[in-house]
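In: Here you go, sequence then predicted model.
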Amino acid sequence: MTQPEQSAPAEAQNKPIDFIRQIIDEDLHSGKHSRPVTRFPPEPNGFLHIGHAKSICLNFGIAEENNSPCHLRFDDTNPSKEEESYVAAIQNDVRWLGFDWGKNLFFASDYFDQLYDFAVQLIQLGKAYVCELSAEEIRSYRGTLTEPGQDSPSRERGIAENLDLFRRMKDGEFEEGTHVLRAKIDMASPNLNMRDPVIYRIMKTHHHRTGDKWCIYPMYDYTHCLSDAIEGITHSLCTLEFENHRPLYDWVLDTLATPCHPQQIEFARLNLTYTVMSKRKLLQLVQEGHVSDWDDPRMLTVSGLRRRGYTPASIRNFCAEIGLGRKESWIDMTVLENAIRDDLNESAPRVLGVLKPLKVIIDNYPEDQVEELTAQNHPQKPELGSRALPFSRELYIEQDDFMEDPPKKFFRLGPGREVRLRYGYYIKFASMVKDEMTGEIQEIHCTYDPETRGGSSPDGRKVKGTIHWVSAAQAQTCQVRLYDRLFLTEHPDTDKERDFKEFLNPDSLTLLENCKVEPSLATAKPGDSFQFERNGYFCADPVDSRPGAPVFNRTVTLRDSWAKMMGGKG
RNA sequence: UGGGGCGUAGCCAAGCGGUGAAGGCACCGGGUUUUGAUCCCGGCAUUCGGAGGUUCGAAUCCUCCCGCCCCAGCCA
């Protein structure tokens, strides 16, 4: 009936808990921590996507379950790629998903002074040095996967000189690329991240928060662990590709006197079939015009999903369903589609809408008569009430609901057949009018049985098919956008030879301009979701839809075993 | 033949040495139905990447092998 409580602890839902929650539970029981403190640390260089939603649900979910904080921290250490506008969009998306960071909104740039002081300490400890090698030299000195690196000529420079040089880096005395600060660890480490990683670089770029105060910016590996420690994070959750960075995360925190030492735990990122997930590729789709923008309903960005008609609950349920592990995995797109169907099936009011209209004239129905029929808003939920549907002599039905020469199992309209109009009357085929030139069917003539008002017959005769319809005179004409998967293949970006854009689905968007929907939809509010019976779930476009001129986006089709059957026969 | 990870059904995923290998998606049947939807019922791994070994007993422990992923940004 009702969905399980969103915020109930996983255990209470009788669901097995994931390995991260197991670790946290153990730390709580052992007394290592009295409560967990997690964080979601986006870089403000793009929009959030469904993969981020997985991380958000994890980090904020743990906080909800334990009544503990989850920080929202922007990892804004690279001003050349980051923008203020992304900061706002990201906050909006996290809030929309239903999460609240309370007072815990932070920026890595808040810590730039502390980070600088820590770097000075590292130098004083003899654990960092200013290196004057060029970027290319640093690369060649790093060695390879199988050969150790070589020491930088600057490696044994004295502490005083390092201190002076680092101060002068900060003061803008050097050009970009001429000097970096490096941690002094081990040039022979089998883990390349430990071969004296760069921790500060010169970048004479305006920062969206610190302005022109800094011309040196700290690198991720150095910044992230210290930010976690400064904030008192207990469990720092990130994706698998950072596993090789954990020794460095721990080295920085072990070397410096920090308030605490958070535990980094890695999990597998989300991959979905029939789409791409990397911000770089999403950006490319936007910049090259394959989609309209970051919030194009075909994009699996949070903003795209929102515009498509996905609900926060559906995304949270999806994230809960897919599980969490350390195995690289591909979640089937049908799992996401199933999540939104599940949610909308419960909540979306039912309406009648004809996407590809075919005119039907009921020859024996009075010329000027209009009557009102009653339709349920949700057949499984009578408490959602009903509405009136105008019925008249001229109607529209779906082109797909008529076949001139139908197979036996086609339970719809065709020569000699009778069908039920949903909430209306039984109608029987009489004749059809075709365009003499093209052979295209222009209109169908039928007769109706006045005894079947509402959809049942006193003589108890059965009709196998029920089809949807809209009264022509009262219909609201509108635009409908049919969205389909953006890519044709399950793994568009794993082909080594072919670019992922070669697999774009040319039919991912179908624009229908002459759709006929029931009059109640004229006033649909932007963002409202409906089930167009027998067609799918649709949402009034949040951007382009207007009262009196609605525009609908197809969120997802209904399951369609008929189409599946027909598809199987070719 | 550098290091770090991972391998349970088509796709995810429980399982943490003890009689029958959860659950979801997908798929296949059947029932209800004024949405070919929803809902309901049933089917779907004699087997856990492979081979050995330990044990009365292993998907769970050990050994070897095979496969896949990550790392040589002054990105995060």
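Out: That came through fine.

In: How about residues contacting stretch A:492-499?
Out: For stretch A:492-499, contacts defined as CB atoms under 8 Å, 6 or more residues apart in numbering pick out A:274-276, A:278, A:281, A:500, A:503-504. No exception for glycine: its C-beta is placed from N, CA and C like everyone else's.

In: Go again with 7 Å.
Out: With contact meaning CB atoms under 7 Å, 6 or more residues apart in numbering, stretch A:492-499 is reached by A:276, A:281, A:500, A:503.

In: ok, of the residues you listed, which one's closest to RNA strand B?
Out: Closest approach to RNA strand B among the contacts of stretch A:492-499 (CB to the nearest atom of the strand): residue A:281, at 12.5 Å.

In: Checking that closest one next. Helix, strand or coil?
Out: helix (DSSP: H, G, I helix; E, B strand; the rest coil).

In: my read: it touches residue A:500, true?
Out: Yes. Applying CB atoms under 7 Å, one finds residue A:281 in contact with residue A:500, separated by 6.3 Å.

In: what about residue A:160, neighbour count?
Out: Using other CB atoms under 10 Å, residue A:160 is surrounded by 10 other residues.

In: quick one, which of residue A:281 and residue A:500 is more surrounded?
Out: Legend: neighbour count by other CB under 10 Å for residue A:281 and residue A:500, higher for residue A:500 (19 against 16).

In: among the contacts of stretch A:492-499, which are in strands?
Out: Among those, none falls in strands (DSSP state E).

In: Now tabulate those residues in JSON lines and tack on pLDDT.
Out: Below are the contacts of stretch A:492-499 laid out as JSON lines (pLDDT from 0 to 100):
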{"residue": "A:276", "pLDDT": "96"}
{"residue": "A:281", "pLDDT": "94"}
{"residue": "A:500", "pLDDT": "94"}
{"residue": "A:503", "pLDDT": "95"}
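
In: what about residue A:361, which SS state?
Out: Of the three states, residue A:361 takes strand under three-state DSSP.

In: residues near it, how many?
Out: Other residues near residue A:361 come to 16 when the count uses other CB under 10 Å.

In: Now do the buried residues in stretch A:289-304.
Out: Neighbour-count burial for stretch A:289-304 flags A:291-292, A:294-304 (criterion: 16 or more other CB atoms under 10 Å).

In: Can you name the two of those residues that sit furthest apart?
Out: The most widely separated members of these, counting by CB to CB, are A:292 and A:302 (16.1 Å).

In: Helix or strand: which one has residue A:129?
Out: If you go by DSSP states H and E, residue A:129 is part of strand A:128-131.

In: And for the helix or strand just after that strand, what's in contact with it?
Out: Heading C-terminal from strand A:128-131, the first helix or strand you meet, by DSSP H and E, is helix A:135-141. With contact meaning CB under 7 Å, 6+ apart, helix A:135-141 is reached by A:133, A:149-150, A:152, A:177.

In: repeat that for 8 Å
Out: Against helix A:135-141 from outside (CB under 8 Å, 6+ apart): A:131, A:133, A:149-152, A:177, A:180, A:187, A:198.

In: Repeat that for stretch A:427-441.
Out: Counting by CB under 8 Å, 6+ apart, A:358, A:360, A:362-363, A:402, A:404, A:413-419, A:421, A:442-449 sit against stretch A:427-441.

In: let's go with 7 Å and repeat that
Out: So stretch A:427-441 is in contact with A:358, A:362-363, A:413-419, A:421, A:442-448, going by CB under 7 Å, 6+ apart.

In: From the chain's centroid, how far away is it?
Out: 45 Å (CA atoms, centre = their mean, to the nearest Å).

In: partner residues bridging residue A:516?
Out: Following DSSP bridges, residue A:516 is listed with bridge partners residue A:354, residue A:477.

In: quick one, what contacts it?
Out: A:354, A:357, A:396, A:470, A:475, A:477.

In: Mind checking which of those residues are buried?
Out: A:354, A:357, A:396, A:470, A:475.

In: Surely residue A:226 forms part of a helix?
Out: Yes. Under three-state DSSP, residue A:226 sits within a helix.

In: where does chain A dip in pLDDT?
Out: Along chain A, the parts satisfying pLDDT under 70 run over A:1-14, A:568-570.
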